[in-house]
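> pasting the sequence and the predicted model now:
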Amino acid sequence: MSTSSPEPAKVGEGVTWTRRFSKSGLWAGGRKISPVVGWGGSADRAVSESSAVLDASAPNGGNGGSITVNGYKVVLDETAPLDVLAPYGTTGTITIDPNYTDMTTASALEAVDTGSQVLTGCVSLGANIDLATVSGPFSWKPLGTSSSAAFTGIFNGNGYVVSGYTIPGVNNNGTGFIGYLGYGGKVENLGVSGTVNGGSNNEVGGVVGVNSGGTVETSYNTGTVTGTGSAVGGVVGVNSGGTVENSYNTGTVTGTGSDVGGLVGVNSGGTVKTSYNTGSVSGGSDVGGVVGGNIGNSGTVENSYNMGTVTGTGYNVGGVVGGNSGTVETSYNTGSVSGSYDVGGVVGGNSGTVEYAYYNSSVYTGNAIGGGTTTGTTITDVSRISATNFGNVGNFSGWTSANFR
């Protein structure tokens with residue numbers, strides 16, 4: 001058995017098992033964490049211990065397989081030993097990602113921000129980090145400063161939260177904990193609770209300013225997000241061809257320009273799904289509880305909802321989406337909605353497809369769609385439901401219980 005790195009390790013978040021591995025599983029501190037039964041399974045969220053054993057033996061003799069340890073799947077530690085078992089003379093390899101970075105202290109995360117910024121590789125949190133413990137409220141410089149210098153690695157929060165920081169308005173667009181997330185980049189399992197002020201710049205988000213073909217998954221924002229430019233969102237400012245899923249915002253989102261959303265400011269040809277907002281949202285035009293502007297034929301918002309108050313000073317103000325030229329489906333709103341005109345319980349102004357979408361008539365008494373295309377073949381089962389009937393999935397045509405979180 002050979003290794004590409006002498007570094008010791010401890011078990012973190014799972015190992016992907018390929019066809020030739022034995023199904024003996026993963027051992028951590030004397031406790032066995034079994035992979036999913038059958039080849040190709042994975043052992044998720046294994047318990048961190050003082051030692052780990054990876055067994056790459058092949059059943060009934062035969063050739064050993066290989067174990068690939070990617071930084072975002074297994075947490076490495078500088079003190080815990082790693083044993084690799086290869087009984088009966090079998091051979092195999094274990095590869096440990098050299099770009100892996102594990103952070104458990106404010107000073108470690110600060111070093112990433114103040115040194116040469118990490119744009120590739122893997123960054124992982126091993127604890128909640130309060131950046132205010134470094135030197136008071138910390139002025140964070142977003143990772144990824146432009147589309148040509150975007151973060152394309154993996155930032156895995158492992159369920160931990162970064163707090164105690166501010167992001168002041170700077171002289172460039174793309175303001176967020178991660179400024180620009182590039183194609184193939186991923187932010188997952190991350191909570192942020194800071195103060196993001198985009199100033200007059202565009203593309204402001206609590207977690208990511210601009211997501212260009214990347215993925216934001218199982219992440220959330222509880223801090224305040226403000227901007228006087230356009231495209232301001234609680235989690236992502238602009239989602240351009242990317243994916244935002246299983247994520248949420250509870251913080252206040254305030255903008256004075258257009259395209260302000262509780263979760264995403266502008267969704268341009270991307271996908272927003274299985275996500276929600278409970279924070280208050282206010283802006284000018286194209287203001288939505290989940291997405292401000294859902295644009296492009298392939299822009300999709302699905303299985304998502306809003307419970308926050310939505311307020312716009314202009315037009316296209318909606319409980320789920322402000323202005324829609326894409327698709328909105330299996331989504332709902334229970335928050336109050338107000339604006340100047342083209343105001344809807346689900347969508348403000350519409351030129352796209354809306355289906356199986358609902359809103360609480362006890363909170364907003366107007367139409368489901370405020371303006372534009374309000375009837376026709378692209379509009380299916382868009383209606384209001386009283387508060388007493390909102391909890392019954394049977395009242396939501398085209399839905400099953402799987403559509404509810």
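Looks like it arrived, so ask away. Residues are numbered from 1 along each chain as shown.
> okay, CA-based contacts and neighbour counts for the rest of this
Fine.
> now do the same contact list for Lys273.
243-246, 300-304 (CA atoms under 8 Å, 6 or more residues apart in numbering).
> that one and Gly318, how far apart?
17 Å (CA to CA, to the nearest Å).
> what about the protein, any weak spots by pLDDT?
Judged by pLDDT under 70, the chain has its weakly predicted residues at 1-101, 113-118, 134-138, 169-171, 404-405.
> can you show me the helices along the stretch 51-200 of the chain?
106-114, 132-135 (DSSP state H, counting those that start in this stretch).
> so what secondary structure elements neighbour the longest one?
Counting contacts by 3 or more CA pairs under 8 Å, 6 or more residues apart in numbering; DSSP states H and E, helix 106-114 packs against helix 132-135.
> measure the nearest residue to Gly270 once chain neighbours are set aside to Ser268 for me?
Of all residues not flanking Gly270 in the chain, Gly241 sits nearest, at 4.0 Å (CA to CA, 6 or more residues apart in numbering). Going from Gly241 to Ser268 by CA to CA gives 6 Å.
> so the two - more neighbours on which side?
Using other CA atoms under 10 Å, the more surrounded residue of Gly241 and Ser268 is Ser268, with 22 against 19.
> surely Val343 touches Val320?
No. With contacts counted by CA atoms under 8 Å, Val343 stays clear of Val320, the gap being 11.0 Å.
> just want to know which of those two has more residues nearby.
Val320 (40 against 31).
> list the contacts of the more buried one.
Counted by CA under 8 Å, 6+ apart, Val320 has contacts 288-291, 305-306, 331-333, 345-347.
> I'd like the distance between it and Gly227.
Per CA to CA, Val320 is found 20 Å from Gly227.
> how distant is stretch 328-340 from the center of its chain?
Mean-position distance between stretch 328-340 and its chain equals 21 Å (CA atoms, centre = their mean, to the nearest Å).
> residues of it that come out buried?
328-339 (16 or more other CA atoms under 10 Å).
> tell me the one among these nearest to Gly198.
Gly339 (23.4 Å; CA to CA).
> contact partners of stretch 365-372?
316-318, 341-351, 358-359, 382-384.
> so Val382 sits against Thr353, correct?
No. If you go by CA under 8 Å, Val382 and Thr353 don't touch, sitting 10.6 Å apart.
> more neighbours: which of the two?
Higher neighbour count among Val382 and Thr353: Val382, with 26 against 20, using other CA under 10 Å.
> quick check: bridge partners of that one?
Ala357 (DSSP bridges).
> who are the contact partners of it?
By CA under 8 Å, 6+ apart, the residues touching Val382 are 354-358, 368.
> same deal with Gly191?
Counted by CA under 8 Å, 6+ apart, Gly191 has contacts 157, 159-162, 219-222.
> redo that, cut-off 6 Å
161, 219-221 (CA atoms under 6 Å, 6 or more residues apart in numbering).
> now those as JSON lines including secondary structure, neighbour count and distance to Met103?
Converted to JSON lines, the contacts of Gly191 look like this (DSSP: H, G, I helix; E, B strand; the rest coil; neighbours: other CA atoms under 10 Å; distance: CA to CA, whole Å):
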{"residue": "Val161", "secondary structure": "strand", "neighbour count": "21", "distance to Met103": "12"}
{"residue": "Ser219", "secondary structure": "coil", "neighbour count": "26", "distance to Met103": "18"}
{"residue": "Tyr220", "secondary structure": "strand", "neighbour count": "30", "distance to Met103": "19"}
{"residue": "Asn221", "secondary structure": "strand", "neighbour count": "28", "distance to Met103": "20"}
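> turn those residues into CSV, including distance to Thr133.
Below are these laid out as CSV (distance: CA to CA, whole Å):
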residue, distance to Thr133
Val161, 14
Ser219, 23
Tyr220, 22
Asn221, 20
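> now do Asn389 against Gly182, distance only.
For Asn389 relative to Gly182 (CA to CA), the value is 43 Å.
> what about stretch 390-401, start to end distance?
13 Å.
> repeat that for stretch 312-331.
End residues of stretch 312-331 are separated by 20 Å (CA to CA).
> give me the buried positions along it.
312-331.
> now, the contacts of Lys273 that are in strands?
243-245, 300-302 (DSSP state E).
> if you rank the residues you listed by neighbours, which is first?
Neighbour max across those (other CA under 10 Å) = Val301, 29 neighbours.
> spit out the contact partners of it.
272-273, 328.
> distance to Gly214 and secondary structure for these - can I get that in JSON lines?
As requested, the contacts of Val301 are exported to JSON lines (distance: CA to CA, whole Å; DSSP: H, G, I helix; E, B strand; the rest coil):
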{"residue": "Val272", "distance to Gly214": "12", "secondary structure": "strand"}
{"residue": "Lys273", "distance to Gly214": "14", "secondary structure": "strand"}
{"residue": "Val328", "distance to Gly214": "21", "secondary structure": "strand"}
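> so which of those residues is the closest to Ala108?
Val272 (32.1 Å).
> from Thr330, how far off is that closest one?
Applying CA to CA to Val272 and Thr330 gives a distance of 12 Å.
> next: Ser124.
34 Å.
> got it, and Tyr358?
Counting by CA to CA, the gap from Tyr358 to Thr330 is 8 Å.
> next one: Ala108
42 Å.
> and Ser124, what are its bridge partners?
Under the criterion used here (DSSP bridges), Ser124 is bridged to Asp102, Asn156.
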